[in-house]
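> What would the 3D arrangement of this be:
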Amino acid sequence: MKPRLWSWLTAKVKVAIIFGFFLAVAVFGTEPEMELPHRGCYFPNWSDTRPSSGKYEVHDIDPGYCTYICYAFAGIVNNILTVKPSDELKFVHLRNFKTYYPKLKILLSVGGWNLSHQFPPMAGSAENRTIFIDSVLIKLRTWGLDGLDVDWEYPAHSAVEQYGALLKELRVAFEAEARLLSRTRLLLAAAVSATSRGGYHPMVMARTLDIINLMAYDFHGPTWEPNKTNHNAPLIKSPSDPNHGLNVESLVREWEYVGIPKASISVGLALYGRAWTVLHPDNTGVGVAALGPAPGGAFTEEPGYFGFYEICAGIKAGQLRRQFDRYARVPHASGQNIWVSYDDVESIRQKVMWVRQSGYGGVFAWEMSLDDFRGACFQTRYPLLQTIKRVLTNAADLKPTSHPISFANATAGLPMPPPHHAGALHPVLHVTTPTSLKPSALCATFYQVKGGDTAWNIARTYDISLQDLRQFNPGKVDLDFITQGEKLCVALPNAQRKGSKIHVVERGETAWDIANKHGISLAELQQRNPWKKDWDSLFPGEEMQI
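Numbers count the residues shown, from 1 in each chain. Next comes the predicted model:
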């Protein structure tokens, strides 16, 4: 039998939908109270199936490290929110945590990588969305949960209206239900790709979502880039990385630039590593030749994917040797023909410091069962989650500090980053950069770079995109590295703008597919997008000038 609560509510709120559903909750409903800054923790419902000491159950959770927990994942069957019977038993344990942590919020995450194919049929029609929202309202209240996390990976550009409609109707329903039944409103969150392009609707997201869980990781990995190692989630651009813009800082700021409030953004942190089998084990740097994913870890058992506790155990045992990229601000480790990019205590500390100093809403961790939850490598359990909490709640952590937790002799003698002032995240560059720039021959407006400028804030000042800035300055090799006194072109005469259309890259598309679709040659496509250096690596959501 299909639940009909939202169907009944629909008539009550139809006027709100038409004339603007973004109204304050009436006096009979209350807004949820959240502890800030965010410290989100994802709990995967399959972690209790891992072997031996990798098994992670609900009672292993330490909720004191989290302000909200996202339970992953529910599915959608016949347009109805669906979980397994075992999940409902785990909800009871999660609710019990609130006895000791009354501000803790428990959200149900629906979708994820393996179940996101269930979204398009449901979101594709108003009737199906109504059935889904009915089930969400009834089931979340029945299970005593605090909200929903929409983890659609990833909406296609053609689904932008359906994605926006789903979020709008969920938010209207949550507000109406709270008002009519005098309850605290359910929270609405969404997990989103690091890029703001594709099928997302930033304006709707900004006005409907309480939390935007931005997945700031998986920029590089052995499954989709098998032939060369690279960082999973660099904080900032590294000279060793030829891919422009694939770093946490650039992509988070891109979301802000398209209109997402900083307070809504929860920046994702990876408690795992991406691992390659390398061709030459003596080559330990970034960008070395590889043969594809490394064999899976003893507990996570997924090729090319290690939990942090597996990596730190390898370092402690002398099987892996840690190095730290002082530009990208992340470590990697190598040994025995394995090269793995990951985050550790130091890189997590620097990322969380950057999030806090930049004024974003907080962070979340994917996922808590991959931390050293048994304390096997360190003298304490959950060293990564512990670092997150300490930096976000203790002002002393904004000062320069030595590593608060370290391997016992495991990293002795390894290259470590020099201490940095807390307010200056950009490194001192040891590369040669030109003191002046030769921009496009015909340029309407030039801008001379000042101290502290970034490409992002220059683009925002002139109301252009970073991609526009790259197009206007094809002679500039790397816009992430600009120096005081350089001249950048920030406006071309209208007649000189290359391309009159934008193509948003869909999953699986190649450069040839795009050129063929728009009736141009591959050479013309490359000429119109001079900022794009690696045409073998196209990412969903990237924009191309046509």
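> need the longest strand for the chain.
The longest strand of the chain (DSSP state E) is strand 68-77.
> Strand partners (parallel or antiparallel) of that strand?
In the sheet, strand 68-77 lines up against strand 38-44 (parallel), strand 80-82 (antiparallel), strand 105-111 (parallel) (DSSP bridges).
> Out of those strands, which is closest to residue 356?
strand 38-44 (11.0 Å; Cβ to Cβ). To be clear about C-beta, it is placed using only N, CA and C from the backbone, and glycine gets the same treatment.
> Tell me how this protein divides into domains.
5-27+35-270+344-398, 445-545 (automatic domain parsing).
> so which of those domains is the most packed in?
Of those, the one with the most neighbours on average (mean count of other Cβ atoms under 10 Å) is domain 5-27+35-270+344-398, at a mean of 19.
> Helices of the stretch 1-150 of the chain, residue ranges please.
5-19, 85-96, 119-123, 126-143 (DSSP state H, counting those that start in this stretch).
> cool, the stretch 351-500 of the chain as well?
Using DSSP H, counting those that start in this stretch, helices in the stretch 351-500 of the chain cover 383-393, 455-461, 466-472.
> again with the stretch 151-300 of the chain
160-180, 202-208, 248-257.
> how about these in CSV, adding mean pLDDT and distance to residue 281?
As requested, these are exported to CSV (pLDDT from 0 to 100; distance: least, Cβ to Cβ, whole Å):
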stretch, mean pLDDT, distance to residue 281
helix 160-180, 96, 45
helix 202-208, 96, 45
helix 248-257, 94, 29
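> and residue 98, which of these is closest to it?
Shortest distance between residue 98 and these, using Cβ to Cβ, is found for helix 160-180: 18.5 Å.
> Just name whatever secondary elements the closest one is in contact with.
On a contact count with 3 or more Cβ pairs under 8 Å, 6 or more residues apart in numbering; DSSP states H and E, helix 160-180 meets helix 5-19, helix 119-123, helix 126-143, strand 147-151, strand 187-192, helix 202-208.
> Please repeat the previous calculation with a cut-off of 7 Å.
The contact analysis (3 or more Cβ pairs under 7 Å, 6 or more residues apart in numbering; DSSP states H and E) places helix 160-180 against helix 5-19, helix 119-123, helix 126-143, strand 187-192, helix 202-208.
> Dump the longest one to CSV, keeping only the CA atoms.
What follows is helix 126-143, C-alpha atoms only, in CSV (Å, rounded to 0.1, in the frame of the first residue of the first chain):
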residue,chain,number,x,y,z
ALA,A,126,5.8,14.5,-10.3
GLU,A,127,3.7,11.4,-9.4
ASN,A,128,6.7,9.3,-8.6
ARG,A,129,8.3,12.1,-6.5
THR,A,130,5.1,12.3,-4.5
ILE,A,131,5.2,8.6,-3.7
PHE,A,132,8.8,8.9,-2.7
ILE,A,133,8.3,11.9,-0.5
ASP,A,134,5.3,10.2,1.2
SER,A,135,7.5,7.3,2.1
VAL,A,136,10.4,9.6,3.3
LEU,A,137,8.1,11.5,5.7
ILE,A,138,6.5,8.4,7.2
LYS,A,139,9.6,6.3,7.5
LEU,A,140,12.0,8.9,8.8
ARG,A,141,9.5,9.7,11.6
THR,A,142,8.9,6.0,12.3
TRP,A,143,12.6,5.3,12.6
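> mean confidence score for that helix?
Throughout helix 126-143, pLDDT has a mean value of 98.
> and it with strand 105-111, angle?
For helix 126-143 against strand 105-111, the angle by axes from the mean of the first three to the mean of the last three Cα atoms, to 10 degrees is 140 degrees.
> Give me the angle between helix 126-143 and strand 147-151.
Using the same axes, to 10 degrees, helix 126-143 lies at 130 degrees relative to strand 147-151.
> of all the strands paired with strand 68-77, which lies closest to residue 291?
Closest approach to residue 291 among the strands paired with strand 68-77 is made by strand 38-44 (28.6 Å; Cβ to Cβ).
> ok, residues contacting the closest one?
Residues outside strand 38-44 that contact it (Cβ atoms under 7 Å, 6 or more residues apart in numbering) are 61, 65-72, 211, 213, 266, 361-369, 388-389, 392.
> How confident was the prediction at the residue nearest to residue 110 when sequence neighbours are not counted?
Spatial nearest neighbour of residue 110, chain neighbours left out: residue 74 (4.4 Å); criterion: Cβ to Cβ, 6 or more residues apart in numbering. For residue 74, the pLDDT comes out at 98.
> would you turn the helices of the stretch 151-300 of the chain into JSON lines with distance to residue 330?
Output for the helices of the stretch 151-300 of the chain, formatted as JSON lines (distance: least, Cβ to Cβ, whole Å):
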{"stretch": "helix 160-180", "distance to residue 330": "31"}
{"stretch": "helix 202-208", "distance to residue 330": "28"}
{"stretch": "helix 248-257", "distance to residue 330": "9"}
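> wait, which of these is closest to residue 50?
Per Cβ to Cβ, nearest to residue 50 of the helices of the stretch 151-300 of the chain: helix 248-257, 27.9 Å.
> and the residue nearest to residue 110, what is it in contact with?
Residue 74 is in contact with 81, 82, 83, 108, 109, 110, counting by Cβ under 7 Å, 6+ apart.
> any idea how far residue 66 is from the residue lying closest to residue 64 once chain neighbours are set aside?
Nearest non-adjacent residue to residue 64, counting by Cβ to Cβ, 6+ apart: residue 101, 6.7 Å away. For residue 101, the distance to residue 66 equals 8 Å [Cβ to Cβ, to the nearest Å].
> Would you map the strands across the stretch 251-400 of the chain?
With DSSP state E, counting those that start in this stretch, the ranges of strands along the stretch 251-400 of the chain come out as 265-270, 272-278, 290-293, 305-307, 321-325, 330-335, 338-341, 362-366.
> so residue 166 makes contact with residue 129?
Yes - in this structure, residue 166 is within contact of residue 129 by Cβ atoms under 7 Å, at 5.8 Å.
> Find residues that contact each of the two.
Residues within reach of residue 166 and of residue 129 at once, by Cβ under 7 Å, 6+ apart, are residue 123.
> about what we covered before: could you check the strands paired with strand 68-77 and tell me which one is nearest residue 274?
Here strand 38-44 is closest among these (Cβ to Cβ), at 17.4 Å.
> Helix 383-393 and the closest one, what's the angle between them?
160 degrees.
> picking up where we left off before, quick check: which of the helices of the stretch 351-500 of the chain is nearest to residue 195?
Among the helices of the stretch 351-500 of the chain, the nearest to residue 195 by Cβ to Cβ is helix 466-472 (11.6 Å).
> I'd like to know which elements that closest one is packed against.
For helix 466-472, the packing partners by 3+ Cβ pairs under 7 Å, 6+ apart are helix 455-461, strand 487-491.
> Tabulate the ones you listed (CSV), appending distance to residue 235 and mean pLDDT.
Formatted as CSV, those follow (distance: least, Cβ to Cβ, whole Å; pLDDT from 0 to 100):
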stretch, distance to residue 235, mean pLDDT
helix 455-461, 15, 73
strand 487-491, 24, 84
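> Of all those, which one comes closest to residue 97?
Using Cβ to Cβ, the helices and strands packed on helix 466-472 put helix 455-461 closest to residue 97, at 39.1 Å.
> could you dump the helices and strands packed on helix 466-472 to a markdown table with distance to residue 187?
What follows is those, written out as a markdown table (distance: least, Cβ to Cβ, whole Å):
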| stretch | distance to residue 187 |
| --- | --- |
| helix 455-461 | 30 |
| strand 487-491 | 40 |
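> Looking at these, which is nearest to residue 341?
Between the helices and strands packed on helix 466-472, helix 455-461 lies closest to residue 341; by Cβ to Cβ that is 24.1 Å.
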